[in-house]
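K.L.:
Provided below are the primary sequence and the corresponding predicted coordinates.
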Amino acid sequence: MALQRFPLMTPIDGEGKIFRGFLPIHNDEYFIQVHLPENNKNTQLYGDSKLKHILENINEQQLINRLDQLDDITLFLSELQTIIEEYVSINKSSSLNNNNNKMNSSTIQRYKTIMSELKEIGFDKVVHINDTLDHIIFEISDNEIRHPLKIYISSTYPLTPLKLELDGPTLSTPLTTTITSSSTETTRTTHSNLYSAIQYYNEWIKIYRDYFICMNELDQNTRILDPDQPMGKDTFRRIALKGHCSLHLELDSIYPRNGLKAMRFYGSEKNIKSFQQLWENKSQQWDNRQSPYQNLYIIFKDQLMPKVFDNQKEDTSSDVECAICYAYKLEHIELGLLTPDIICTNDQCNRGFHPTCISEWLRSNPTTTRSFNMLFGKCPYCSEVNLL
Ligand SMILES: [Zn+2]
Ligand SMILES: [Zn+2]
């Protein structure tokens, strides 16, 4: 997507409003970043010290004003090129020849290499590039699931290889062995360029494809209490069930359909019992051809709470959050991360509380009595006597 007349200039945003690269001036190249005018914002120019020096010496504001009127990047760069070339010709003997101002040629080579590789890969896959190009985040789609891929590029690239950050289930085990055994030549050391790194990533996604599909289906269809924002590496989910209960489950990353790797119910004793009963009666019929979500749906039906979209958060918040502080997770200095697992024993009420929230409430209530280490007090909602 680089410009035809300026092949070393490439857009770094989705809209084609920000361009970065090298502007040829005579036999030299100037590093430059241009923000085209947009939404009442004027043109912005960033460059290396050489360019900065020139801009300071020609009336920069006047130049910007003139360029503001050109929203075509090629026209803009041609004008800028002419202006700088004129300035350089006039000031040939000036400090421009100062070696300190020359950009290191290996830096330029690194930049050119990265840009031409990105061109081959396609800028549409890039979601973030930082200023110094020391990392790039790509988004790779597979089966309509979008996977983020972060690639670290050292300052000595391409002499030193690229490093990949893979967001998936078994980060600690060497993937190379898995991949070589499936008869591809890709290994960790061959990431000599971005293109092969992305190919490797595509192969890697394939290994966990079914796991990603199964997890994504759970995330799309059930109410996930934990993690807040599931990542590929999170092999567990805590799913909300009716009656202020929840199910903690873990999937196997290679065989995600072969039942649950781990599971546990949370909630009031009485409500949990009915879920355990359902599980005991029906889990024998777990069908490995179906996904975990489909199996769970067969077992629990509408007891599985559906996913809550941002615009519905208000209506459903009282179902699983603590009925005192209205949060699900609560960070406690000594006790760590708390969830509302103390449930009112009144079936009609069944509200959940963080242990710290309810104990603070009970302590502050004059009707609360203490016996041994137990507190007997009333639920803030239904006045049922609860003990803690
Ligand atoms: Zn609370
Ligand atoms: Zn209650």
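P.N.:
Nice, thanks for sending it over. All values derive from a computational prediction rather than experimental measurement. Ligands and ions are numbered 1, 2, ... in the order given.
K.L.:
pull the CA atoms of the helix or strand harbouring Gln61 into PDB?
P.N.:
The secondary structure element spanning Gln61 is helix 60-68 (assigned by DSSP states H and E). Taking C-alpha atoms only, helix 60-68 is exported to PDB below (Å, rounded to 0.1, in the frame of the first residue of the first chain):
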ATOM      1  CA  GLU A  60       7.500  26.200   9.300                       C
ATOM      2  CA  GLN A  61       4.100  27.600  10.000                       C
ATOM      3  CA  GLN A  62       3.800  29.100   6.600                       C
ATOM      4  CA  LEU A  63       4.700  25.700   5.100                       C
ATOM      5  CA  ILE A  64       2.200  23.900   7.300                       C
ATOM      6  CA  ASN A  65      -0.500  26.400   6.300                       C
ATOM      7  CA  ARG A  66       0.200  25.700   2.700                       C
ATOM      8  CA  LEU A  67       0.300  22.000   3.100                       C
ATOM      9  CA  ASP A  68      -3.000  22.000   5.100                       C
END
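K.L.:
what comes up buried for that helix?
P.N.:
With burial defined by 16 or more other Cβ atoms under 10 Å, the residues of helix 60-68 counted as buried are 63, 67. (Each C-beta comes from the backbone N, C-alpha and C, glycine too.)
K.L.:
ok and the next helix or strand along the chain from that helix relative to helix 60-68, angle-wise?
P.N.:
Remark: after helix 60-68, the chain's next helix or strand is helix 73-90, criterion DSSP H and E. Interaxial angle of helix 73-90 relative to helix 60-68 (axes from the mean of the first three to the mean of the last three Cα atoms, to 10 degrees): 150 degrees.
K.L.:
and helix 73-90, what does it pack onto?
P.N.:
strand 18-25, strand 28-35, helix 49-57, helix 60-68 (3 or more Cβ pairs under 8 Å, 6 or more residues apart in numbering; DSSP states H and E).
K.L.:
where does pLDDT dip in the stretch 101-250 of the chain?
P.N.:
In the prediction, the stretch 101-250 of the chain carries residues with pLDDT under 70 at positions 101-104, 170-190.
K.L.:
now do the helices in it.
P.N.:
In order along the chain, the stretch 101-250 of the chain carries the following helices (DSSP state H, counting those that start in this stretch): 105-121, 175-181, 194-207, 209-221.
K.L.:
out of the ones you listed, which comes closest to Ile18?
P.N.:
Shortest distance between Ile18 and these, using Cβ to Cβ, is found for helix 105-121: 14.2 Å.
K.L.:
around ligand 2, which positions in the protein sit nearby?
P.N.:
344, 346, 349, 379, 381-382, 384 (Cβ under 5 Å from the ion).
K.L.:
show the buried residues in those residues.
P.N.:
Applying 16+ other Cβ under 10 Å to the residues of the chain next to ligand 2, the neighbour count classes 344, 346, 349, 379, 381 as buried.
K.L.:
list the contacts of the first one.
P.N.:
With contacts taken as Cβ atoms under 8 Å, 6 or more residues apart in numbering, Cys344 has the following neighbours: 268, 350-353, 379, 381-382, 384, 386.
K.L.:
gap between the residue nearest the centre of the chain and Pro227?
P.N.:
Residue closest to the mean C-alpha point of the chain, counted by Cα atoms, centre = their mean, is Pro148 at 6.6 Å. Counting by Cβ to Cβ, to the nearest Å, the gap between Pro148 and Pro227 amounts to 15 Å.
K.L.:
same check, this time on Tyr266
P.N.:
Taking Cβ to Cβ as the criterion, Tyr266 is separated from Pro227 by 15 Å.
K.L.:
how about Asn288?
P.N.:
Taking Cβ to Cβ as the criterion, Asn288 is separated from Pro227 by 26 Å.
K.L.:
swap in Gln62?
P.N.:
Here Gln62 is placed at a distance of 54 Å from Pro227 (Cβ to Cβ).
K.L.:
equivalent analysis for Met115, please.
P.N.:
Met115 sits at a distance of 36 Å from Pro227 (criterion: Cβ to Cβ).
K.L.:
looking at those two, which is more packed in?
P.N.:
Each of Met115 and Pro227 had its neighbours counted (other Cβ atoms under 10 Å), and the higher figure belongs to Met115 (20 against 13).
K.L.:
can I assume the more buried one is in contact with Leu8?
P.N.:
Yes: with contact defined as Cβ atoms under 8 Å, Met115 and Leu8 form a contacting pair (6.9 Å).
K.L.:
run a quick neighbour tally on the residue of the stretch 101-250 of the chain found nearest ligand 1.
P.N.:
For the stretch 101-250 of the chain and ligand 1, the shortest gap (Cβ to the ion) falls at His244, measuring 13.1 Å. The burial count assigned to His244 is 24, neighbours taken as other Cβ under 10 Å.
K.L.:
how about it, nearest residue that isn't a chain neighbour?
P.N.:
Once flanking residues are discounted, His244 sits nearest to Gly352: 4.5 Å by Cβ to Cβ, 6 or more residues apart in numbering.
K.L.:
Lys270 is in what secondary structure piece?
P.N.:
Assigning secondary structure by DSSP H and E places Lys270 in helix 269-282.
K.L.:
could you list the residues in contact with the helix or strand harbouring Glu360?
P.N.:
Of the helices and strands defined by DSSP H and E, Glu360 is found in helix 355-364. Counting by Cβ under 8 Å, 6+ apart, helix 355-364 makes contact with 322, 324-325, 330, 332, 335, 338, 340-342, 353, 368, 375, 377, 380, 386, 388, all of which sit outside it.
K.L.:
pull out the buried residues from it.
P.N.:
Within helix 355-364, the residues scored as buried using 16+ other Cβ under 10 Å are 355-359, 361-362.
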